[in-house]
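Peer 1: Next input, structure requested:
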Amino acid sequence: MSGVWELPFGRSKQYLSRGIVSQVLGNWQLNGVVQLRSGQPYNLAVAGDAANIGNTSFANYARPNIVGDPNPAHRTLNEWFNPNAFAVPSFSYGDFGRNGLRSASVYNADFSLLKNFPVRERFLVSFRAEFFNAFNIQNYSPPSNTTIGVAGAGQVTSNVLPPRQIQFGLHLGFEANRFGPLWMA
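Peer 2: Numbers count the residues shown, from 1 in each chain. Predicted structure coming up:
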């Protein structure tokens, strides 16, 4: 979801269109992008040639057999799924389905605040304040090791998005053509 809201204050706006207050409160714009996603599906694999088909060109092609509940009693970053709920098949393909597990949901909100300063008739200076991951939500990636029978299987070691980032900037726009309002960056 995204949205842009130009505040109704300032010159040629509905409210406070004249005076010093219009110059201070006028020409502000709020922008927002909100992202809400369910978890990303991911596969589990087993190392080697479990089905004994002699295929060495595709690493970890086979899936494990499911022998228990893949969801741990208390999900943590060290145990996102229960690796003991799976077994390495012997001379066969595993029975655990493709994309059978999901990572954590992702929630993110980015906001920006923009103020335009008209300079004479041909120039526009914009101040920008941008907030990425504004609420600093930890959005975990899928487990980095999804190979059954290998140490560290089921551990989450990274985030999908970086932590909160804030940046400020100035932007100069100008009319390139005297005969039309073509603004350039």
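Peer 1: Just the pLDDT for the nearest residue to residue 82 once chain neighbours are set aside.
Peer 2: Residue nearest to residue 82 in three dimensions, not counting chain neighbours: residue 72, with 4.7 Å by Cβ to Cβ, 6 or more residues apart in numbering. For glycine as for every other residue, the C-beta is placed from the backbone atoms N, C-alpha and C. The per-residue pLDDT reported for residue 72 equals 91.
Peer 1: Can you give me the buried ones in the helix or strand containing residue 115?
Peer 2: In this structure, residue 115 sits in strand 106-119 according to DSSP states H and E. Across strand 106-119, burial judged by 16 or more other Cβ atoms under 10 Å covers 106, 108-110, 112, 114-116.
Peer 1: okay, and for the chain, where does confidence drop off?
Peer 2: 17, 49-61, 176-185 (pLDDT under 70).
Peer 1: Could I get the full set of strands for the chain?
Peer 2: Here the chain has its strands, by DSSP state E, at 2-6, 28-37, 41-42, 45-46, 65-66, 86-87, 101-102, 106-119, 123-132, 147-148, 165-177, 180-184.
Peer 1: Give the partner strands of the first one in its sheet and their orientations.
Peer 2: Paired strands of strand 2-6, with direction, are strand 28-37 (antiparallel) (DSSP bridges).
Peer 1: Compute the inter-axis angle for the strand it pairs with and strand 106-119.
Peer 2: 160 degrees (axes from the mean of the first three to the mean of the last three Cα atoms, to 10 degrees).
Peer 1: For strand 28-37, buried residues please.
Peer 2: 28, 31.
Peer 1: Other residues contacting it?
Peer 2: By Cβ atoms under 8 Å, 6 or more residues apart in numbering, the residues outside strand 28-37 that reach it are 1-7, 9-10, 105-116.
Peer 1: Now residue 69: closest residue in space that isn't a chain neighbour?
Peer 2: Counting by Cβ to Cβ, 6+ apart, residue 85 is the residue found nearest to residue 69 once chain neighbours are left out, at 5.6 Å.
Peer 1: who's in contact with residue 142?
Peer 2: Contacts of residue 142 by Cβ under 8 Å, 6+ apart are 39-40, 42, 80, 103, 156.
Peer 1: OK, contacts around residue 79?
Peer 2: Applying Cβ under 8 Å, 6+ apart, we find residue 79 in contact with 72, 154-155.
Peer 1: In a markdown table, list those residues along with neighbour count and distance to residue 90.
Peer 2: Output for these, formatted as a markdown table (neighbours: other Cβ atoms under 10 Å; distance: Cβ to Cβ, whole Å):
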| residue | neighbour count | distance to residue 90 |
| --- | --- | --- |
| 72 | 16 | 25 |
| 154 | 25 | 22 |
| 155 | 17 | 26 |
